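*Asks:* Need the 3D shape of this:
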Amino acid sequence: MEKLFKQHGKDVAFLFVYTREAHPDDGPEDRRQAEPTGGWKMKGNAIKINNHVAFKDRVKAANELKKAGKQQWTVLADDMKDTNHKAWGSLPNMAFLVDPLGRVKSKWAWTTSSTSDKGKRGGDEDTDNVYTVLKAAGDLKPYSVADDAQLPLRDLRSGEWLKYGDSLVTFEAAGSGKVKRGDQEITLADFKAPEKPASPKTRELTAGKLKLPCIVVVSGETETWYCTRLPGDGVAKVVVGGKTTLELTDAGFEKDKSCLQPYDPSAK
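*Replies:* Predicted structure coming up:
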């Protein structure tokens, strides 16, 4: 992974998701007593980390990983329900290559075997190694909404909504090259990659108790603030001629259920 990062770190965004410990120091020594995807103690393991009891334990372990030679990586900590791990398949050492439009270009069940220069060496499918796929994948630069404002619209679920004061905007699931934003039907145009990805300015928008990272796209006198963590098209704020004409007050991925809540790792 270090070799991959050195070769492709400028063009590919590397995200490392820290999940539960596969080989906790307080786990059973007999692999047969472990859970299906890990959970047993490895003899002679120099790394001594017990099973995570609370979310703070996982965050602490993730921070220690980042300090141990991964300073240039973006390290994320999965929640205690293993939501992301389960969503992507629950296998150990998974790796996914995602293109700028959010499509999975390729995947590997065991990163270490798929990075081998010898090519095909196991995993959950017969696939070329990472180096071969990256070479053949073409353009994988991490484009943003500054390059294509329709990027967030390509992966909508029915029921997503954004609220600006008393104005509610709902979205329908994308399909057949079109999507509905309220009463407006939007045709999804083919993405045309620019020669060089934009370098947009970023700002932070306070929404309730949250601070949302936004990409600000300027067109004439209009500033549109996009937050790709939001549902729908992610429009959080619009400023025209220095005057705010639209500002997010609430949002959700499901009807009547706000997503603008501070994360509580202790919540059941």
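*Asks:* Would you map the strands across this structure?
*Replies:* For the chain, the strands defined by DSSP state E occupy 15-18, 74-77, 95-98, 104-108, 161-164, 167-170, 178-181, 184-187, 201-207, 210-219, 222-226, 235-240, 243-247, 250-252.
*Asks:* Point out where this protein drops to low pLDDT.
*Replies:* 36-38, 116-128, 265-268 (pLDDT under 70).
*Asks:* domains of it?
*Replies:* Here the domain assignment for the chain is 2-137, 151-252, based on automatic domain parsing.
*Asks:* want to try JSON lines for the strands of the chain, with mean neighbour count as columns?
*Replies:* (Each C-beta comes from the backbone N, C-alpha and C, glycine too.) Shown next, in JSON lines, are those (neighbours: other C-beta atoms under 10 Å):
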{"stretch": "strand 15-18", "mean neighbour count": "15"}
{"stretch": "strand 74-77", "mean neighbour count": "16"}
{"stretch": "strand 95-98", "mean neighbour count": "16"}
{"stretch": "strand 104-108", "mean neighbour count": "18"}
{"stretch": "strand 161-164", "mean neighbour count": "20"}
{"stretch": "strand 167-170", "mean neighbour count": "15"}
{"stretch": "strand 178-181", "mean neighbour count": "17"}
{"stretch": "strand 184-187", "mean neighbour count": "10"}
{"stretch": "strand 201-207", "mean neighbour count": "13"}
{"stretch": "strand 210-219", "mean neighbour count": "16"}
{"stretch": "strand 222-226", "mean neighbour count": "20"}
{"stretch": "strand 235-240", "mean neighbour count": "19"}
{"stretch": "strand 243-247", "mean neighbour count": "13"}
{"stretch": "strand 250-252", "mean neighbour count": "19"}
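*Asks:* Out of those, the one nearest residue 195 is which?
*Replies:* The closest of the strands of the chain to residue 195 is strand 210-219. By C-beta to C-beta, the value is 18.2 Å.
*Asks:* and residue 101, what is it in contact with?
*Replies:* 151, 154, 191 (C-beta atoms under 8 Å, 6 or more residues apart in numbering).
*Asks:* How many residues are close by the second one?
*Replies:* The one in question is residue 154. As a burial measure, residue 154 scores 15 neighbours (other C-beta atoms under 10 Å).
*Asks:* wait, isn't it in contact with residue 186?
*Replies:* No: the criterion here is C-beta atoms under 8 Å, and residue 154 misses it with residue 186 at 10.8 Å.
*Asks:* Show me what the top helix by length along the chain is packed against.
*Replies:* In the chain, with assignment by DSSP state H, the single longest helix is helix 55-67. Packing partners of helix 55-67 (3 or more C-beta pairs under 8 Å, 6 or more residues apart in numbering; DSSP states H and E): strand 15-18, strand 74-77.
*Asks:* any chance of these in TSV, plus distance to residue 261?
*Replies:* Formatted as TSV, these follow (distance: least, C-beta to C-beta, whole Å):
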stretch	distance to residue 261
strand 15-18	22
strand 74-77	18
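*Asks:* quick one, which of those is nearest to residue 173?
*Replies:* Of all the helices and strands packed on helix 55-67, strand 15-18 sits nearest to residue 173, with 25.4 Å by C-beta to C-beta.
*Asks:* Could you list the residues in contact with the closest one?
*Replies:* Contact with strand 15-18 is made by 58, 61-62, 65, 70, 73-78, 84-85, as judged by C-beta under 8 Å, 6+ apart.
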